[in-house]
Every structure is written in C-alpha cells, then in structure tokens.
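> need a structure here:
(one chain, ligands or ions: 2)
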Amino acid sequence: MKRFSFVIVAGGSGSRMGGERKQFRLLGGRPMWRWSAEMAASMAEEGIGEIVLVLPRGEVTPPPWRQSARIPLRLAGGGASRAESVLSGLNAASFDYVMVHDAARPFISISLMRRLMEETSEGVGAVPVLPASDAIKRIDGERVEAVDRDGLYMTQTPQSFYRPTLMAALRERGPAAKDEAEAWLASGLELHCVEGERLNFKVTWPDDLHIAERIAEGRRAPTVRTGLGYDVHRLVPERPLILGGVLIEDSPLGLLGHSDADLLAHAVADAILGAAGLPDVGTLFPASSEEYRDADSMELLKTAVDLVVEAGWTIAWVDAVVQAQVPRLSPHLVEMRKRLSAILNPDLPNCVSLKAKSAEGTGDPGLGGSMTCWASATLYGDGTR
Ligand SMILES: Nc1ccn([C@@H]2O[C@H](COP(=O)(O)OP(=O)(O)OP(=O)(O)O)[C@@H](O)[C@H]2O)c(=O)n1
Ligand SMILES: C[C@](O)(CO)[C@H](O)COP(=O)(O)O
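Numbers count the residues shown, from 1 in each chain. Ligands and ions are numbered 1, 2, ... in the order given. Now for the predicted structure:
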C-alpha cells in the first residue's frame, strides 16, 4: 500500500479575507484547518501515515488538538510564498508519497482523497480539477478581452505526488509556482486530473467564509450521551417525604438523609452529571458538609443542571423509576414530572418520564424500610467542550 504524508499548508496571511487569519477561524466550533486534518486522520487504514501542519512563519506552537495516537501531527514553519511553505512541509514529512492540501479548503471528502491516492504513482501526480463555469474575461486596466472558456479548468487541492520528485520540481520552479501541479508539469512530469468537488472550494473572500460557516453549522452532528443515576434512602417516621420537589403530606414515613433526602432529585442529578462526565452528587454536595444539611435537593438539581449546561450539553430526556412499597405515589407523579421538567429544560416542558413501582413485598423496600430510585438521562451537545 502507498503511504502518504498529508501536508496542510496553513502558513498564509489571508490578506484577501482580512482580519484574523482565516485558517484558524472557527467553523462549526473547530478551527478551519482541523476540518481537513480530521478527515485525513480518519484514513489511517487507507494509507495516511501522518499529518504535517505548516504554520505561519514564527508561529510554530502546537495548536490544541486531541490527535489520534495512530496519526502523528508534525509541525513545520511556513515561508513567504505558498511554494516555500509547501517545501517546508515536504521537508518535515516522512512518507514516500504526499498529498498537499490548503488549510483554506475545509470540506475535503474521503472519496476525493481515495481517487487521488489511486491515481498517484512514482511517475504520475494527481490533482482535482473542475471546469470553469462562468464566462471569462481578461481585464488589464481599461482593456477588457473575452477569453474562450473551453478547456479551462480550475485546480483544487489535495494535490498528490511522489514526494522526492515533487521536492525536486518545486526547488527547480522556485517560489513562483501557484501550485504543486505547475512545478510538476514544468519538470515535464505526467499529471492525471480527477474530477474535483464544488464543496471543496477555497475560502478566500469574506463571502466564502459566510458560506463555509453555513455549511459547517449544517454538518455539526450532535453528540448524544446517556447517563445513569441511582439512590437509596431509609424510610423513617417523623421525616417529611419529598420526591421530585413534591411534599407528600399524607405519608406517615419520610426519607432519612443529610439533605431533604429527595432521592428522585438525587438520582436524576447523578444521571445528567454522569452523561456530561461531571462529578456525582456525593462529590459536588458532600454529606460531610454542613452547607447541605436539610438542603432543598431541587436546588442541588438546579446547580447540577447549570453545570451540565455550562459544559455545553442540552438535556433532552430523563426517565426515572421510584421503587416504593408505601405510600402510593401515582397521584403525585404528574406534579413531580412538571417540577423536574421545569428545572431540567425550561424549553421542553415534557422532558421527564416517571414511574412508580412497588417492591412486591420483597427485601427491605418491600417491608417499607427504604425507597430506591433509578434514572437515566439523554443529553446532546456538539462534543466540542
Ligand atoms: N506563504 C504562504 C501562503 C499561503 N499558504 C497557505 O496556502 C493556502 C492557499 O490559500 P490562499 O487563499 O492563497 O491563502 P493566503 O495566502 O493566506 O490568502 P491571501 O492570498 O488572500 O493572502 C492557504 O491554506 C494558506 O494558508 C501558506 O501556507 N503559506
Ligand atoms: C493551490 C491552489 O489552491 C489551487 O487552486 C491555488 O493555486 C492557491 O492559490 P492562492 O493564490 O495561493 O490562493
């Protein structure tokens, strides 16, 4: 199998875009260069052995990226021209074959990469092209001249080559080469063209960035997580029975605990915290702390919800089951659901399902000595935090 270094050139100044360097701007929560880096990293089994990121001159600090252990990320310093940046990346690369890609083309596809890899050999380079689709004029000051569009193609990246030969061709051609294909052809080498993709456009002008932002937002696949929560408390006389923030007035028994012992609120809080990968209720609100003596557990749940939301998650659904031999809970379930939903997600007034089960007389819960509760939570987020 041919093994490729995937060189991403991100050394430009983005003068036509203006403002902050375009290749590091966020698109759908990720810097632009990372869109193609992640696509390339997903092709480890298909011959991509490493990613070489060429950064602007004097800025070779590792960008934050949780990279895959299988695909190393190497860094290189850019040059004054694109060709010099490419050469710097080729020097830092270690595989025989190379694909050179603009950081400014975030929407590269796996199928395009596969077609280019297949077409490339020691003597043959491969580039994606698209036929020019607008009528073309050459304008020189006041002079306007129509240019025949037939046979004119626009070249995209990645451009794929045998690395040692490309390096020689680029050195020969010098910094003027607009792209690698130009240097390759100038050295009399064979070039194959594959069909490019309109989505693989180069973000060059401010309007391109607006279009790219729209596309990126549309592609932002939500990350879905589930979490599990559980709690148990003893049932004793002379304690209030509070479940899901509802005081059950006619109950002769209540739950014993450091807080108000609302085990439904605790199990739900643990389910959402677990789904978000945050510390559990016992860690956040320790029973050893006086601060939480007789605490209102719906307030604790509210704090847990705030933490989960701050971490970038939206609560989509919670399902819970309370196991209680006594008292009968069914008359209170609607109110509990309402109160829990209002805290969990005010935009989703019905985001809680709740069941009550007797213990069928079995074990301690069956004898009315304790109550238990299980809850599951489903969250979604963009996975970027
Ligand atoms: N000295 C340079 C110049 C460009 N590039 C990279 O080459 C790609 C070519 O895209 P282009 O739109 O030309 O980028 P810029 O040169 O940054 O843009 P501009 O010409 O508008 O200044 C970009 O990913 C850019 O970061 C580079 O690595 N080193
Ligand atoms: C490499 C390239 O993207 C192919 O179309 C193009 O040549 C880059 O040109 P630029 O002037 O550096 O934008």
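> who touches stretch 192-200?
105, 107-109, 112, 115-116, 119-120, 124-130, 153-157, 215 (CB atoms under 8 Å, 6 or more residues apart in numbering). Yep, even glycine has a C-beta here, placed from its N, CA and C like the rest.
> which SSE is immediately downstream of the one helix or strand in the chain whose mean pLDDT sits lowest?
The helix or strand of the chain with the poorest confidence is strand 30-31; it has a mean of 89 (mean pLDDT, DSSP states H and E). Next along the chain after strand 30-31, taking DSSP states H and E as the criterion, comes helix 32-41.
> run the chain-centre distance for the least confident helix or strand of the chain.
When distances are taken as CA atoms, centre = their mean, to the nearest Å, strand 30-31 is centred 9 Å away from the chain's centroid.
> kindly report the same for stretch 17-26.
The chain centre lies 20 Å from the centre of stretch 17-26; the measure is CA atoms, centre = their mean.
> who touches it?
10, 12-14, 31-33, 56, 63, 103-104, 203-206, 208-209.
> now swap in stretch 121-135 and tell me
112, 115-116, 119-120, 146, 149, 152-162, 165-166, 179-181, 184, 189-198, 200.
> of the residues you listed, grab the buried ones for ChimeraX.
A single ChimeraX command selects the buried members of the contacts of stretch 121-135 (16 or more other CB atoms under 10 Å):
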select :112,115,116,119,120,155,156,157,158,159,160,161,162,165,166,179,180,181,184,189,191,194,196,197,200
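> which of the contacts of stretch 121-135 come close to ligand 2?
Contacts with ligand 2 within the contacts of stretch 121-135, counted by CB under 6 Å from any ligand atom: 155-157, 179.
> out of the residues you listed, who's nearest residue 1?
Nearest to residue 1 out of these is residue 157 (CB to CB; 22.1 Å).
> what about that closest one, which helix or strand?
Per DSSP H and E: nothing holds residue 157, as it lies in no helix or strand.
> re the thing from before, given the least confident helix or strand of the chain, what are its sheet partners and their directions?
Using DSSP bridges, strand 30-31 pairs in its sheet with strand 26-27 (antiparallel).
> where exactly do the strands run in the stretch 151-300 of the chain?
Under the criterion DSSP state E, counting those that start in this stretch, the stretch 151-300 of the chain contains strands at 153-155, 159-162, 190-195, 223-237, 242-243, 246-247, 253-255.
> need those in a markdown table (columns: mean pLDDT).
Shown next, in a markdown table, are the strands of the stretch 151-300 of the chain (pLDDT from 0 to 100):
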| stretch | mean pLDDT |
| --- | --- |
| strand 153-155 | 97 |
| strand 159-162 | 98 |
| strand 190-195 | 98 |
| strand 223-237 | 96 |
| strand 242-243 | 98 |
| strand 246-247 | 98 |
| strand 253-255 | 96 |
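> turn these into JSON lines, columns for distance to residue 81.
Conversion of the strands of the stretch 151-300 of the chain to JSON lines gives the following (distance: least, CB to CB, whole Å):
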{"stretch": "strand 153-155", "distance to residue 81": "17"}
{"stretch": "strand 159-162", "distance to residue 81": "16"}
{"stretch": "strand 190-195", "distance to residue 81": "21"}
{"stretch": "strand 223-237", "distance to residue 81": "40"}
{"stretch": "strand 242-243", "distance to residue 81": "70"}
{"stretch": "strand 246-247", "distance to residue 81": "70"}
{"stretch": "strand 253-255", "distance to residue 81": "72"}
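> which of those strands sits closest to residue 270?
strand 223-237 (3.2 Å).
> list the buried residues for the closest one?
Residues of strand 223-237 classed as buried: 225, 227, 229, 231, 233, 235 (neighbour count, 16+ other CB under 10 Å).
> between those residues, which is nearest ligand 1?
Nearest to ligand 1 among these is residue 225, at 34.2 Å by CB to the nearest ligand atom.
> residues contacting whatever residue of the chain ends up closest to ligand 1?
At 2.1 Å from ligand 1, residue 12 is the closest residue in the chain, using CB to the nearest ligand atom. Shown in contact with residue 12 (CB under 8 Å, 6+ apart): 21, 23, 56, 78, 82, 85, 103-104.
> stretch 39-52 near ligand 1 at all?
No: taking CB under 6 Å from any ligand atom as the criterion, stretch 39-52 and ligand 1 are apart, separated by no less than 11.3 Å.
> wait, residue 315 sits on residue 305?
Yes: under the criterion of CB atoms under 8 Å, residue 315 makes contact with residue 305 at 6.9 Å.
> between these two, who's got more neighbours?
residue 315 (26 against 20; other CB atoms under 10 Å).
> quick one: strands adjacent to the strand or helix carrying the more buried one?
For residue 315, the host element (DSSP H and E) is strand 313-323. Strand pairing for strand 313-323, using DSSP bridges, gives strand 352-357 (parallel), strand 370-381 (antiparallel).
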